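Participant: Below is the sequence, then the predicted model.
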Amino acid sequence: MPQRTMFKSLLILVLLVLFGYSLIPTVKYLSLSMAERDQMRVEQPEVYNTLVKKAIKLGLDLQGGMHVVLEVDLKELLQELANKGTVDERFHKALDAAAATAAETGANIVDAFDQNLQEMGVDIALYYRNRELQNHDQVVEYLTAQRKESIDRALEVLRNRVDEFGVSEPIIQKQGNNRIIVQLAGISNRDQARELVGKTAKLEFSLLKDPTIAERAALKINDYLAGEESAADSTVAAGGDSLTADTDTTAIAQDSSVIGGEDLFASSDSTEQADEETALFQFSGPGFIFIDENDAGRFQRAMNDSTVQRIIEREAQSAKFLLSTEDIGSNATPGKRFLRVYLVNANPALDGSTIIDAKHSMVDRSVDVAGGFETSITFNDEGTRAFASVTGANVGKQLAIILDNKVQSAPNIQERISRG
């Protein structure tokens, strides 16, 4: 009997020790202030991510935070999509009533709007008819798709913003026909978080700088940062010309998602491994610049550095480096991810105020070898004229589509585009 009791006591002790050990990451994480978490996330991303993954996830009821319900303004969407010359009092009356019904009951605003117009004896196609949309059913199908896509775009924007905010295990999901629930556990600065999730997304179109200019600016920034890091830590030797672009490497497809290991780290010089690991910008072929995913915080700090800004101004005039939203992988290092970097004109060629629709989809690479993705954008009349002017004057160049300072894609301009 004593032996059995001793065994039970020993087992309980072992379990308590294991349980206590498993709580260490949670205790460490919860003991950090929000400022300390932000600092660790930027300066030690791998340590931060490991700590977050191992820590027990506490909900809003245990650690507090923020619960927000956002509503996508579908009424404004339907107004923007309508042909301005056809909008009349009946349109506004039916839409106002549909918006009120949707807010009260959660009904589909498109269906409610269509029903209200039918009760007035008006065909909804009157306000949306164009070359592609000729009848009632086509218009309703189109508006329903636009409603869904607008909510999906809002979800994507929110997820990107919350990722930048560094919230652990956020909850972002649709509710009903036009609402989005956002739960941010552990948030102490509610005003900042509310501004982050509530502000209107900023869409811009900017031309890319010449690839040789982008490479030269990136290399000079690498040299400067190497010197700064060497001065801060005398144990690290700075390499002035540690990394150069390989001008003979075959250009990588613009939006490729996986890159071969040899191509990813191709270089015309025998670059030291230590320099490859410490350089912010890395290169693979003419104009293909990328950074390690874990260096995103380091990249943002560098872009805010006044000396880096002067380097960009000297090498590329009015320009800025931006990250792409799509990460890329390497066959040489499975599991490691990288982010594409673009150098774009600081002053956008046009903004998104005249856009009424935008889609980004994959196409057959046998048809579009140089990209693999196709971006379809629909402008109003004013935007159509501006876009025709920009594309006509810049055939052969790349135009970056930028949402919230992140490059969504950078398609090549193949011809003047005069249709909206």
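Facilitator: Good, I have the coordinates. All of these numbers come straight from a predicted model, not from anything done at the bench.
Participant: Can you list the residue ranges for strands in the chain?
Facilitator: 65-71, 171-175, 179-185, 203-207, 258-259, 282-283, 289-292, 319-330, 337-345, 350-351, 355-362, 373-379, 399-403, 406-409 (DSSP state E).
Participant: Worst mean pLDDT among the ones you listed?
Facilitator: Mean pLDDT values for these show the minimum at strand 258-259, a mean of 42.
Participant: Dump the strands of the chain into a markdown table; add mean neighbour count and distance to residue 305 as well.
Facilitator: Where C-beta positions appear, they are placed from N, C-alpha and C, glycine not excepted. Below are the strands of the chain laid out as a markdown table (neighbours: other C-beta atoms under 10 Å; distance: least, C-beta to C-beta, whole Å):
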| stretch | mean neighbour count | distance to residue 305 |
| --- | --- | --- |
| strand 65-71 | 15 | 32 |
| strand 171-175 | 14 | 32 |
| strand 179-185 | 19 | 30 |
| strand 203-207 | 21 | 21 |
| strand 258-259 | 16 | 28 |
| strand 282-283 | 26 | 19 |
| strand 289-292 | 21 | 15 |
| strand 319-330 | 19 | 12 |
| strand 337-345 | 21 | 16 |
| strand 350-351 | 17 | 27 |
| strand 355-362 | 14 | 32 |
| strand 373-379 | 17 | 32 |
| strand 399-403 | 21 | 21 |
| strand 406-409 | 20 | 20 |
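Participant: Quick one: closest of those strands to residue 218.
Facilitator: Set against residue 218 and scored by C-beta to C-beta, those come closest in strand 289-292, at 5.3 Å.
Participant: re earlier: and of the strands of the chain, who's closest to residue 23?
Facilitator: Between residue 23 and the strands of the chain, the shortest gap by C-beta to C-beta is with strand 179-185, which sits at 17.8 Å.
Participant: what's the closest of the strands of the chain to residue 393?
Facilitator: strand 203-207 (9.6 Å).
Participant: Mind listing the strands that closest one pairs with, and their directions?
Facilitator: Sheet pairing of strand 203-207 (DSSP bridges) gives strand 350-351 (antiparallel), strand 399-403 (antiparallel).
Participant: which stretch among those strands comes nearest residue 289?
Facilitator: Short answer: strand 399-403, nearest of the strands paired with strand 203-207 by C-beta to C-beta, at 13.3 Å.
Participant: Please write out the alpha-carbon positions of stretch 411-420 in CSV.
Facilitator: The C-alpha trace of stretch 411-420 is given here as CSV (Å, rounded to 0.1, in the frame of the first residue of the first chain):
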residue,chain,number,x,y,z
PRO,A,411,1.0,43.8,-64.0
ASN,A,412,2.7,44.8,-67.2
ILE,A,413,1.0,47.5,-69.3
GLN,A,414,0.7,45.8,-72.7
GLU,A,415,-1.3,48.5,-74.5
ARG,A,416,-3.4,51.6,-74.0
ILE,A,417,-6.6,50.6,-72.1
SER,A,418,-9.4,52.9,-73.1
ARG,A,419,-12.4,50.8,-71.9
GLY,A,420,-13.6,51.2,-68.4
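Participant: pLDDT (mean, whole number) over it?
Facilitator: According to the model, stretch 411-420 has a mean pLDDT of 82.
Participant: rewinding a little: could I get the strands paired with strand 203-207 in TSV, plus columns for distance to residue 300?
Facilitator: As requested, the strands paired with strand 203-207 are arranged in TSV below (distance: least, C-beta to C-beta, whole Å):
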stretch	distance to residue 300
strand 350-351	23
strand 399-403	16
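Participant: between these, which one is nearest to residue 177?
Facilitator: Closest of the strands paired with strand 203-207 to residue 177 is strand 399-403, at 23.5 Å (criterion: C-beta to C-beta).
Participant: Report the inter-axis angle for the closest one versus strand 319-330.
Facilitator: 90 degrees (axes from the mean of the first three to the mean of the last three C-alpha atoms, to 10 degrees).
Participant: Pull strand 399-403 out as CSV, backbone CA atoms only.
Facilitator: C-alpha atoms of strand 399-403 as CSV (Å, rounded to 0.1, in the frame of the first residue of the first chain):
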residue,chain,number,x,y,z
LEU,A,399,1.8,49.4,-62.8
ALA,A,400,1.6,48.5,-59.1
ILE,A,401,-1.8,48.1,-57.6
ILE,A,402,-1.4,49.2,-53.9
LEU,A,403,-3.8,48.7,-51.1
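Participant: That strand to strand 337-345, inter-axis angle?
Facilitator: 110 degrees.
Participant: still on that earlier bit, next, format the strands of the chain as JSON lines and append distance to residue 215.
Facilitator: Shown next, in JSON lines, are the strands of the chain (distance: least, C-beta to C-beta, whole Å):
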{"stretch": "strand 65-71", "distance to residue 215": "41"}
{"stretch": "strand 171-175", "distance to residue 215": "37"}
{"stretch": "strand 179-185", "distance to residue 215": "39"}
{"stretch": "strand 203-207", "distance to residue 215": "17"}
{"stretch": "strand 258-259", "distance to residue 215": "17"}
{"stretch": "strand 282-283", "distance to residue 215": "7"}
{"stretch": "strand 289-292", "distance to residue 215": "7"}
{"stretch": "strand 319-330", "distance to residue 215": "12"}
{"stretch": "strand 337-345", "distance to residue 215": "9"}
{"stretch": "strand 350-351", "distance to residue 215": "27"}
{"stretch": "strand 355-362", "distance to residue 215": "27"}
{"stretch": "strand 373-379", "distance to residue 215": "23"}
{"stretch": "strand 399-403", "distance to residue 215": "17"}
{"stretch": "strand 406-409", "distance to residue 215": "17"}
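Participant: so which of these comes closest to residue 219?
Facilitator: strand 282-283 (8.3 Å).
Participant: Quickly run through the sheet partners of that closest one, with directions.
Facilitator: strand 289-292 (antiparallel).
Participant: Which residues does the strand it pairs with contact?
Facilitator: For strand 289-292, the external contacting residues (C-beta atoms under 8 Å, 6 or more residues apart in numbering) are 214-215, 218, 280-284, 298-299, 323, 328, 336, 338-343.
Participant: before we move on, what about stretch 207-221?
Facilitator: Contacts for stretch 207-221 (C-beta under 8 Å, 6+ apart): 243-245, 280-281, 283, 286-287, 289, 302, 308, 311-312, 315-316, 319, 321, 341-345, 349, 390, 394, 397-400, 410.
Participant: domains of the protein?
Facilitator: 2-59, 69-198, 206-409 (automatic domain parsing).
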